[in-house]
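S.K.: fold the following, please.
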Amino acid sequence: MVSIRDALSSAADEGIITAAQAEKLVPYLLAADTGASEKSPAADPVSQADDALLAEESEQPRFVRGFHDILITIGVIVALVGLWGIGSLFAVLPAIVILAEILIRRQRLALPAVALTVALAHWTGMFALLVVEVAAPEGLDILTNWLMVLPIFAAVLAVFYWRYRVPLALATTLLALFLLATDIVLVLLAKVLGSADIIAEHTVLAASVFLISALGIFSAAMSYDIADPARKSRQSDVAFWLHLAAAPALLYAMLSFIFLRNISGEWWGDATSPSDAVAVLAIVVVFMMIGLVIDRRAFVTSGLVSLGLAIWTILQRGGVDFSDYFSVTVLAVGVVVLMIGIFWQVLRRAIVSVLPAGITSRLHPVYGIKR
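M.R.: Residues are numbered from 1 along each chain as shown. I've put the predicted structure just below:
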């Protein structure tokens, strides 16, 4: 029997529909086909080509819509860099606002909206540091200084989101608020404990605070994901940006418990043992499984550096003799990435199929599994 993808490709070849329409119809018809399979056991299984297309479209943030967006974005970046060079800090902000009114408010261009949000975030950081330099008393520690930086950051990005509804602006605002809450807790704990450097002097406590904060960011990201499991609205884009922050935050919060002996310094040093590397490897594997379950690649990519360092340590200090540990490590990481990328839908289907229906019903749909 002809697969859905093959049938649509044939229709596009005959001019019945366009190629672009065929590509967009595949996931829709697969979803309908999956629903029908609950009533008809003889329905076609999802083919490898369908899996590849579904993997490509399962996490596709809507900020690149064509080369027109890319061209405009290049112009935005070049113009702002030039203006920053010849003007002052305060000359850039009006340009960002004017461009936002034209490109975001009126023309609804997605990629320029991301570029302008990043530019505003950079401007806000520079402005906040200037405020701290001018207004803050000398001798304050970095955690106390951040108490003044982060509220400015959150306020500016919140106003930008209120005006232009850019998902990245909302995600950045939420991230700044989580960081502010974390900073407040650390400063209060330092005051209570009389510590000059709470991160170095109370490592377990600091690592616990970091972990709780990272879990908060992850919970916020999942709340937006659960609110839009089909990933059709702005909420999914907010979740995408939050997951980009939550994945490394959670990973390094967990790793900090392994490297408690040197939490504020170099983690991968001579004191790192093969057992430490095995623990890191286990955490990375768990993170990759989480990424498969929630269908977010950030949980895979955020652990690649740690994966490579763990493999390097295990090979080098575990008695395995290689003339070129670097090449072997890079090859191993590359193979892992390729295997996960190629078989993303297959692996996800295998993992999600064993989860309770109460969980899977809240996740991004897995085609080929009854819900």
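S.K.: quick one: buried residues of the helix or strand in which G341 is found?
M.R.: Secondary-structure element containing G341, defined by DSSP states H and E: helix 325-342. Of all the residues in helix 325-342, those buried under the rule 16 or more other C-beta atoms under 10 Å are V328, T329, V333, V336, I340. All C-beta spots, glycine's among them, are computed from the backbone N, C-alpha and C.
S.K.: buried ones in the helix or strand following that helix, by neighbour count?
M.R.: Tracing the chain past helix 325-342, the next element assigned as helix or strand by DSSP H and E is helix 344-352. The neighbour-count check on helix 344-352 (16+ other C-beta under 10 Å) flags W344, Q345, L347, R348, R349, V352 as buried.
S.K.: how near is L140 to M148?
M.R.: Remark: distance between L140 and M148 (C-beta to C-beta, to the nearest Å) = 9 Å.
S.K.: kindly report the same for L304.
M.R.: When L304 is compared with M148 (using C-beta to C-beta), they lie 35 Å apart.
S.K.: helix or strand for G291, which one?
M.R.: Under the assignment given by DSSP H and E, the secondary-structure element containing G291 is helix 274-294.
S.K.: what does A171 give?
M.R.: For A171, the element it lies in under DSSP H and E is helix 167-193.
S.K.: list the contacts for L292?
M.R.: In this structure, L292 makes contact with I340, W344, L347, R348, I351, V352, judged by C-beta atoms under 8 Å, 6 or more residues apart in numbering.
S.K.: how near is it to A115?
M.R.: From L292 over to A115 (counting by C-beta to C-beta), the distance is 31 Å.
S.K.: how about G87?
M.R.: In this structure, G87 and A115 are separated by 18 Å, where distance is defined by C-beta to C-beta.
S.K.: got it, and V134?
M.R.: Taking C-beta to C-beta as the measure, V134 and A115 are separated by 29 Å.
S.K.: for I184, same thing?
M.R.: I184 is 32 Å from A115, where distance means C-beta to C-beta.
S.K.: same check on I342?
M.R.: 32 Å.
S.K.: in the stretch 251-371 of the chain, where is pLDDT below threshold?
M.R.: Residues of the stretch 251-371 of the chain that meet the criterion pLDDT under 70 lie in 261-267, 269-271, 318-322, 367-371.
S.K.: now do 50
M.R.: Counting by pLDDT under 50, the stretch 251-371 of the chain contains no low-confidence segment.
S.K.: please apply the same query to the stretch 1-150 of the chain.
M.R.: Residue ranges of the stretch 1-150 of the chain with pLDDT under 50: 1, 34, 36-44.
S.K.: can you pull out the helices in it?
M.R.: 4-13, 19-37, 48-57, 67-86, 89-100, 110-135, 142-164 (DSSP state H, counting those that start in this stretch).
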